[in-house]
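1. Give me a model of this one.
(one chain, ligands or ions: 2)
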Amino acid sequence: MFLVDSHCHLDGLDYEKLHANVDDVLAKAASKDVKFCLAVATTLPGYRNMRELIGERENVAFSCGVHPLNQDEVYDVAQLRRLAAEPGVVAMGETGLDYFYTPQTKARQQESFRHHIRIGRELKKPVIVHTREARDDTLAILREEQVTDCGGVLHCFTEDRETAGKLLDLGFYISFSGIVTFRNADALREAARYVPLDRLLVETDSPYLAPVPYRGKENQPAYVRDVAEYMAVLKGVSVEELAAITTQNFVNLFSVDLSHLCSD
Ligand SMILES: [Zn+2]
Ligand SMILES: [Zn+2]
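-> Numbers count the residues shown, from 1 in each chain. Ligands and ions are numbered 1, 2, ... in the order given. The predicted structure is shown next:
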């Protein structure tokens, strides 16, 4: 079995107490058949530090971008484009809109979101989109900026079934995190049943949002196994099938070559 953690913040894990180093985290993941990770950036200096921390590895790819919650400081769009063009970067983001935590930076978030999509189209790299309390503006900007040219994923999906439908119409993939395992997440499970298997991704968003039975503890890529097992039951397929199709979806969306890792 081959699982991918399609969204994690590998630089945000606890390397003081919980893990010896990045090798340790990736070994724990591999022991659960999680054999590839997409390490997602949230600021430009953070992107640089993350690449330094992780180094060049055959089982980790990177995104480059500025998170909607980090729009209190201005960043250089030309630098975003330059860094995003680096080898090893397979996606733009995470980008998007978060009106829940930082409504005061709405205008800047929208500007930044548009820039990420434009650069994504230019570089042919899909966008990783975060949205919270900003559904209509998120959909409008995706359409206005013609996101279908580069494609993308709505990560850590917590919207309803109708919103999932609109994203699917835009050619988007939809990624589910550990939240789908939470007891009070019935509406989200309904959306998860609705999304077709060939548009589905799984992620941890670690170090945040650990799935049941680790809820409240620090999350890590290994736990995408638990998300996948849960999703498999929801979708009525085996976990092996769910792993195979979500890994293929990941390959299709981000154009990464995993064949050298797929020996078994
Ligand atoms: Zn996010
Ligand atoms: Zn994230």
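
2. got the buried residues for stretch 223-233?
-> Using 16 or more other Cβ atoms under 10 Å as the test for burial, stretch 223-233 gives 223-232. Yep, even glycine has a C-beta here, placed from its N, CA and C like the rest.

3. Sorry, wrong one. I was asking about stretch 13-26.
-> So for stretch 13-26, counting by 16+ other Cβ under 10 Å, buried means 13, 19, 22, 25-26.

4. Kindly report the same for stretch 160-168.
-> Those would be 163-164, 166-168, for stretch 160-168 by 16+ other Cβ under 10 Å.

5. would TSV of these with secondary structure be doable?
-> Output for these, formatted as TSV (DSSP: H, G, I helix; E, B strand; the rest coil):
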residue	secondary structure
T163	helix
A164	helix
K166	helix
L167	helix
L168	helix
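
6. any chance of those residues in TSV, plus distance to E56 and pLDDT?
-> Converted to TSV, these look like this (distance: Cβ to Cβ, whole Å; pLDDT from 0 to 100):
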residue	distance to E56	pLDDT
T163	37	97
A164	36	97
K166	38	98
L167	33	98
L168	35	98
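
7. If you count contacts, what does the longest strand anywhere in the chain end up packed against?
-> Ranked by residue count and defined by DSSP state E, the top strand of the chain is strand 89-98. Contacts defined by 3 or more Cβ pairs under 8 Å, 6 or more residues apart in numbering; DSSP states H and E place strand 89-98 against strand 60-64, helix 106-123, strand 127-132, helix 135-144.

8. The helix or strand following the first one: which residues count as buried?
-> Stepping forward along the backbone from strand 60-64, the first helix or strand reached (DSSP states H and E) is helix 77-84. Using 16+ other Cβ under 10 Å as the test for burial, helix 77-84 gives 80-81, 83-84.

9. contacting residues around Y208?
-> Residues in contact with Y208, defined by Cβ atoms under 8 Å, 6 or more residues apart in numbering, are 9, 219.

10. Ok, K125 next?
-> With Cβ under 8 Å, 6+ apart, K125 has these contacts: 84, 89-92, 119, 150.

11. swap in V89?
-> 61-64, 83, 125.

12. partner residues bridging F62?
-> A39, V89 (DSSP bridges).

13. Just give the number of residues close to it.
-> 22 (other Cβ atoms under 10 Å).

14. what about it, distance to K125?
-> Distance from F62 to K125, counting by Cβ to Cβ, to the nearest Å: 11 Å.

15. now swap in I141 and tell me
-> Relative to K125, and taking Cβ to Cβ, I141 is found at 17 Å.

16. Scan the contacts of K125 and report the most crowded one.
-> Busiest of the contacts of K125 [other Cβ under 10 Å] is A91, holding 33 neighbours.

17. I figured that residue was touching I128, is that so?
-> Yes. Counting by Cβ atoms under 8 Å, A91 touches I128, with 5.2 Å between them.

18. Quick one: end-to-end length of stretch 26-42, please.
-> For stretch 26-42, the first-to-last residue distance is 21 Å (Cα to Cα, to the nearest Å).

19. buried sites along that stretch?
-> Per 16+ other Cβ under 10 Å, stretch 26-42 contains these buried residues: 26, 28-30, 32-42.

20. distance between it and the chain's centre?
-> 12 Å (Cα atoms, centre = their mean, to the nearest Å).

21. Could you list every helix and strand in contact with the strand or helix carrying G46?
-> Counting by DSSP H and E, the element that carries G46 is helix 44-54. Here helix 44-54 touches strand 60-64, helix 77-84, going by 3+ Cβ pairs under 8 Å, 6+ apart.

22. which residues are contacting the first one?
-> Right, the one you point to is strand 60-64. Here strand 60-64 has contacts from 10, 26, 36-41, 44, 47, 50-51, 54, 80, 83-84, 86, 88-94, 128, 254, 256, using Cβ under 8 Å, 6+ apart.
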